[in-house]
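K.L.:
my questions concern the predicted model and sequence given below.
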Amino acid sequence: MVRLLLSVACICSCFISRAQIIEMGPDKLYKTLQSACQAVTPGDTILIFSGTYNNGDYISNLKGTPNAWISIKAAPGQTVHFTGGTQAFQLSDPEYVIISGLNFSGQSGNGVNIDDAGTFDTPAKYIVFENCHWYKLNASGNSDQLKMSGVENFVIRNCTFNDGSADGSMVDMVGCHDGLFENNVFTNGGSNCIQTKGGSSNITIIRNRFSDGGQRAINIGGSTDPQFFRPQGANTEASDIFIYSNIFEGANAALAFVGAVNCKAINNTIINPTSWAVRILQENTNAGMLLCSNNTIRNNIFVFSETGKPAFNIGSNTQPASFICSNNLWYNPDNLNWSGPNTPVAEPGIILNQDPVFDDSLYHISENSPAKGNGYPTGEPLKDFFNIAFKNPPSIGAAEYSIKTSTETAFHPRNVEIWPNPFTNKIYVKCYTSTSDRILILNIHGKVVAEVKAGEMAEIDASQWPVGIYFIQNGHFTQKIIKQ
C-alpha cells in the first residue's frame with residue numbers, strides 16, 4: 001500500500017513538473033484555441049488574454065488525465081469573448097478538461113459544442129464549465145448555446161445563460177450521463193433552458209435560478225431519432241434526472257416530463273408559469289420506448305394562476321397514474337376559492353391555496369408560512385437553494401426556513417453575482433434582491449468606492465482604482481475581489 005501511494009505521488013509530481021502555461025492572445029505566440037491546443041500536454045493550462053475570438057475552432061482528442069487535467073481559462077483580470085462565427089469552438093472526444101471565465105455570444109450555429117465525435121463507445125468525459133457566460137446567439141432557429149452529445153461525468157457551475165434562441169435550448173444534451181448543474185442562472189430562454197434527451201440519465205440540476213425560461217424551462221426528455229441515442233437501444237429519452245432546490249420564475253411551463261422515467265422534482269419554488277406548471281408528454285412513440293411514467297413531484301411550492309389552462313398538461317401515451325405527487329403547496333393568488341390543480345394522482349400532504357408568505361424576492365419563507373416544516377422527509381435534496389441544510393421534516397419549496405435578521409435576508413451571498421474576478425478596468429455586479437438596501441464595494445482601507453442598489457445590474461468603471469484587494473460587502477457577508 002505504501003509503495004502504491006508513493007507511485008501515485010511520483011506520477012502526480014511528474015505531471016506537475018511538466019505542466020506549462022500556454023499563453024493565447026492577439027499578441028501571443030498562439031492566437032487561436034486550436035493552435036494552443038496543439039501544444040498542450042496533460043496538466044497544462046491555456047491562459048487566454050483579452051480579445052475577441054471568432055475562429056470557430058475544431059479541436060479533437062484534447063485529453064488530460066485523472067491526475068493532470070487540462071485547463072482553458074481567462075488570464076487573471078482579462079476579458080475573453082468568443083463572438084461571431086458558426087460556433088465559438090467544438091471539442092470532440094475531450095477528456096479531463098476544465099473551461100473557466102470565458103464569454104460567448106453571436107454564433108450563428110451552436111455557441112459551444114462538446115461531443116463524442118459520433119464514436120459512441122468513447123464518450124467525451126470529465127468536462128467542467130465554471131464561471132462562463134453565454135449571451136445571445138446570432139441565430140433564431142434550433143441553435144443551442146451549449147450543445148453536448150455523448151458527454152459523461154460533467155459539471156456546469158456558476159455560469160450564466162442569457163437570451164436563448166427561439167427554437168433552441170440554452171443547454172441541450174443528447175445521450176449525456178452522470179452530470180451536475182449547480183448555481184447557474186438562466187434568463188430569457190427560448191425553447192428550453194435545459195434539455196436532457198436521447199437516453200440521458202443520472203443528471204442532477206440543483207440550486208439554479210430560471211427566469212423566463214422559454215417554452216419549457218427544463219425539458220426532461222424530448223424526441224430523438226434512434227440513431228442518436230446514447231447508449232444505442234436506450235428505451236427512455238431521460239431517466240434519473242433530479243431537479244432539486246431550484247427557483248423558477250415565468251416560462252410557458254416550468255417542468256416538462258417528456259418520455260421521462262424515474263425522474264424527481266423535489267423542493268423547488270415555481271412562480272407564475274404562464275400556461276402550465278407541469279407537462280406530462282410522450283413525443284417519442286417508437287417501438288420499445290417506455291412511456292412517460294414513475295416520476296416524482298414532491299415538496300414544491302407552485303404559485304400558479306389558472307387562466308384558461310390547467311396546472312397539469314397531460315398528453316396521450318403517458319402513464320400519469322404512475323406518478324408520485326405529495327406535499328406540494330399550490331397557491332392561486334387570483335382565485336382564493338380555487339379548487340386546486342388537476343394533479344394526475346391523489347396528492348397526500350397537499351397544501352391548497354394558502355399564501356406561502358415569502359420574505360423577499362428570493363423566496364425565503366417566513367415564520368408563519370404554511371410551507372415551514374411540512375415537506376415529506378425524502379432525505380433528498382440535502383441542502384436548499386442557499387446551501388442551507390434541510391431539516392427533518394423539511395420545509396416545502398427551495399428555501400428551508402431559518403431565522404434571519406432583515407440584513408441577512410437581503411444580503412445572502414447567492415443574492416449577488418460578480419464577474420470577472422480578478423478584474424482590470426470594469427466589474428459587473430448583479431443583485432437579485434428588490435429591497436432598499438445597497439451592495440457596497442470597499443477598498444482595503446474600508447472606504448466605499450462604489451455601491452449598487454438592490455435589484456439592479458451595474459457595470460462599474462474601475463479603471464482609476466489602484467491595483468489590489470477590494471471587498472464586496474453584503475450585510476454580514478463579505479467577498480474578496482482583486483484588481484490586477
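P.N.:
Yep, that arrived.
K.L.:
now do the same for Gln34: helix, strand or coil?
P.N.:
Recorded secondary structure, Gln34: helix (DSSP: H, G, I helix; E, B strand; the rest coil).
K.L.:
contact partners for the nearest residue to it once chain neighbours are set aside?
P.N.:
Nearest residue to Gln34 in three dimensions, chain neighbours excluded: Asp57, at 3.8 Å (C-beta to C-beta, 6 or more residues apart in numbering). From N, CA and C alone the C-beta is placed, and that goes for glycine too. With contact set as C-beta atoms under 8 Å, 6 or more residues apart in numbering, Asp57 has these partners: Thr32, Leu33, Gln34, Cys37, Phe89, Gln90.
K.L.:
and the fifth one, what does it touch?
P.N.:
If a contact means C-beta under 8 Å, 6+ apart, then Phe89 has Leu33, Gln34, Asn55, Gly56, Asp57, Tyr58, Ile59, Phe82, Val112, Asn113 as its contacts.
K.L.:
closest one of those to Ser71?
P.N.:
Lowest distance from Ser71 to the contacts of Phe89 (C-beta to C-beta) belongs to Leu33, with 12.7 Å.
K.L.:
for the closest one, report the pLDDT, please.
P.N.:
With respect to pLDDT, Leu33 has a value of 98.
K.L.:
which residues of this protein score low on pLDDT?
P.N.:
1-18, 404-415, 432-437, 444-446, 454-456, 474-478 (pLDDT under 70).
K.L.:
residues in contact with Leu329?
P.N.:
So Leu329 contacts Asn300, Ile301, Phe302, Ile350, Ile351, Gln354, Pro356, Pro370, Ala371, Asn374, Ile396, Gly397 (C-beta under 8 Å, 6+ apart).
K.L.:
just list whatever residues bridge to the residue nearest to Gln34.
P.N.:
In this entry, Asp57 is beta-bridged to Phe89, by DSSP bridges.
K.L.:
how far away is it from Gln479?
P.N.:
Distance, Asp57 to Gln479, by C-beta to C-beta, to the nearest Å: 34 Å.
K.L.:
what's the answer for Pro226, then?
P.N.:
49 Å.
K.L.:
now swap in Asn327 and tell me
P.N.:
Taken as C-beta to C-beta, the span from Asn327 to Gln479 is 35 Å.
K.L.:
distance of Val345 relative to Asn219?
P.N.:
Note on Val345: its distance to Asn219, by C-beta to C-beta, is 22 Å.
K.L.:
so for those two, which sits in the more crowded spot?
P.N.:
Counted by other C-beta atoms under 10 Å, Val345 and Asn219 do not tie: Asn219 has more neighbours, with 30 against 13.
K.L.:
got a list of what the residue positioned nearest the centre of the chain touches?
P.N.:
Taking C-alpha atoms, centre = their mean, the centroid of the chain lies closest to Asn184, which sits 3.8 Å from it. Counting by C-beta under 8 Å, 6+ apart, Asn184 makes contact with Ile156, Arg157, Asn158, Cys159, Thr160, Phe161, Asn208, Arg209.
K.L.:
likewise Asn235?
P.N.:
Gly288, Met289, Leu290.
K.L.:
make it 10 Å
P.N.:
In this structure, Asn235 makes contact with Gly199, Phe229, Gly259, Val261, Asn284, Asn286, Ala287, Gly288, Met289, Leu290, judged by C-beta atoms under 10 Å, 6 or more residues apart in numbering.
K.L.:
next: Ala74.
P.N.:
47-50, 80-81, 99-103, 131-132, 420, 422.
K.L.:
Asn153 and Ser463, how far apart?
P.N.:
For Asn153 relative to Ser463 (C-beta to C-beta), the value is 41 Å.
K.L.:
more neighbours, the two?
P.N.:
Applying other C-beta under 10 Å to Asn153 and Ser463 shows that Asn153 carries more neighbours, namely 18 against 9.
K.L.:
between the two ends of stretch 104-113, how far is it?
P.N.:
Start-to-end span of stretch 104-113 (C-alpha to C-alpha, to the nearest Å) is 12 Å.
K.L.:
mind listing what's buried in it?
P.N.:
Phe104, Ser105, Gly106, Gln107, Gly109, Asn110, Gly111, Val112, Asn113 (16 or more other C-beta atoms under 10 Å).
K.L.:
also stretch 287-294?
P.N.:
Met289, Leu290, Leu291, Cys292, Ser293.
K.L.:
and of those, the nearest to Trp338?
P.N.:
Among those, Cys292 lies closest to Trp338 (C-beta to C-beta), at 26.3 Å.
K.L.:
mind listing the residues bridging to that closest one?
P.N.:
Applying DSSP bridges, one finds that Cys292 bridges with Thr318.
K.L.:
name all residues that make contact with it.
P.N.:
220-221, 236-238, 256-261, 263, 279-284, 314-315, 317-320, 322-323.
K.L.:
what pairs with the helix or strand Lys147 falls within, and is each one parallel or antiparallel?
P.N.:
Assigned by DSSP states H and E, Lys147 falls within strand 146-149. Strand pairing for strand 146-149, determined by DSSP bridges: strand 112-115 (parallel), strand 169-174 (parallel).
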